[in-house]
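>>> Sharing a model prediction with you, sequence too.
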Amino acid sequence: MTIFHKIINREIPADIVYEDDLCLAFRDINAQAPTHVLIIPKVQIDSLDGLNSDHKHLMGHLLLKVPEIAKSLGLTDGYRITVNCGEDGGQSVDHLHIHLLGGRKMNWPPG
């Protein structure tokens, strides 16, 4: 069970900014920008590599929630989303998640 499961199950606290039947969004405790939210599916998918055709609706739902959540957080001048995959990709929790970052100018390349 990952830390994200414990957040979904309310076993550990989180600053939740959005929730519906398919996903949960909460502030990252290791924020890399003034606004840094993680958007996670409520079902276990380890990473992007774990996706299959059955996940089309879920992934579409997650991506459609990004601008809605960004707007609710006041990110009117833009934002960045990132999905890390695997150890070399910087993924630290084995549960698919979208990073929503904003509140400052984002640089490129990201690093």
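Here it is on my side, so go on.
>>> Which secondary structure elements does the longest strand out of those in the chain sit against?
Counting by DSSP state E, the longest strand found in the chain is strand 35-41. On a contact count with 3 or more Cβ pairs under 8 Å, 6 or more residues apart in numbering; DSSP states H and E, strand 35-41 meets helix 3-8, strand 23-27, helix 56-72, strand 98-102. Every residue, glycine included, has its C-beta placed from N, CA and C.
>>> what angle separates it from strand 23-27?
Note on geometry: by axes from the mean of the first three to the mean of the last three Cα atoms, to 10 degrees, strand 35-41 and strand 23-27 are set 160 degrees apart in direction.
>>> pLDDT weak spots in the chain?
For the chain, applying pLDDT under 70 flags the ranges 111.
>>> try 80 this time
110-111 (pLDDT under 80).
>>> Setting the sequence-adjacent residues aside, check what's closest to Thr35.
Nearest residue to Thr35, sequence neighbours excluded (Cβ to Cβ, 6 or more residues apart in numbering): Gly103, at 4.2 Å.
>>> what does the longest strand of the chain rub up against?
The contact list for strand 35-41, computed with Cβ atoms under 8 Å, 6 or more residues apart in numbering, reads 4, 7-8, 17-18, 22-28, 30, 58, 62, 65-66, 69, 73-75, 79, 95-103.
>>> Pull out the buried residues from these.
4, 7-8, 17, 23-26, 28, 58, 62, 65-66, 69, 73, 75, 79, 95-103 (16 or more other Cβ atoms under 10 Å).
>>> follow-up on the earlier one: direction included, what does the longest strand of the chain pair up with?
strand 23-27 (antiparallel), strand 98-102 (antiparallel) (DSSP bridges).
>>> Next, the angle helix 56-72 makes with that strand.
Using the same axes, to 10 degrees: strand 35-41 against helix 56-72 is 160 degrees.
>>> What about Lys105, how many residues nearby?
8 (other Cβ atoms under 10 Å).
>>> One more: the one 4 residues further on?
A count of nearby residues for Pro109, using other Cβ under 10 Å, gives 4.
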